[in-house]
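In: Give me coordinates for this.
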Amino acid sequence: MRMLSARAALEALRAGNRRFVGKLGLGSGSTREAEPGRAPPRELPVGQQEPLAIVLGCSDARVPAEIVFDQGLGDLFVIRVAGNIVAPSGIGSVEFAASAFGTRLVVVLGHSNCGAVHATLEQLARPSREQSRNLRSIVDRIRPAVEPLLERTAAVDARTLEQQAVRANIRMSVEQLRRGSEVLEQLIAEEGLRVVGAEYSLETGVVEFLEGEAL
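Out: Below is the predicted model of the structure:
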């Protein structure tokens, strides 16, 4: 089994994102143009999974983790949910991958202009009963990250507030994974597991790992 340290896995993701961003400068800017020149995998990964990182990301169709990190089949264990929120099923999925495959890096991947964060800000500003119960469950998980910002930054413009809210939500999800699971806490303390936050820019394609998260 491939057992990469958290630091090595993080460097692999950074390098992959640099490759992805480089491809954006080709032709019309579509990464698809680079695909024909890329060697196909010799065989499909049908045996034991050996993901180098676990990614808890947003369901947004513009942020597929395997593509923005330029990784192949079997390289990432990806959990996607609107707003990259942490729910019991997500924690269980991270626990499973970290325990079963020995993966030592977990990345919470948020992104700019997140619709779930925007919906949360709108709901806090103008409460509506029209949201379904299921959508409210997502908003309610993002709300604790956003409410303190509204209290402290009432004077900032809406765009700045949303940018701050996206990062606050990423950091909250990171802390929930670090502190909300005995399994993950033990792996962090004893096995070198690391949970880090990152933000993908829809405008540039760059993934920025948040300050204070360097390994």
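In: wait, isn't L187 in contact with F101?
Out: No - using Cβ atoms under 8 Å, L187 makes no contact with F101, being 11.8 Å away. Using the backbone N, CA and C atoms, a C-beta is placed for each residue, glycine as well.
In: can you map out the strands along this protein?
Out: For the chain, the strands defined by DSSP state E occupy 53-57, 76-80, 105-111, 194-200, 207-209.
In: Would you convert the ones you listed into a markdown table that also reports mean neighbour count, mean pLDDT and distance to D157?
Out: Output for the strands of the chain, formatted as a markdown table (neighbours: other Cβ atoms under 10 Å; pLDDT from 0 to 100; distance: least, Cβ to Cβ, whole Å):
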| stretch | mean neighbour count | mean pLDDT | distance to D157 |
| --- | --- | --- | --- |
| strand 53-57 | 26 | 98 | 27 |
| strand 76-80 | 21 | 98 | 30 |
| strand 105-111 | 27 | 98 | 20 |
| strand 194-200 | 23 | 98 | 19 |
| strand 207-209 | 19 | 97 | 21 |
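In: Next, format these as TSV and append distance to A165.
Out: Shown next, in TSV, are these (distance: least, Cβ to Cβ, whole Å):
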stretch	distance to A165
strand 53-57	17
strand 76-80	20
strand 105-111	10
strand 194-200	12
strand 207-209	16
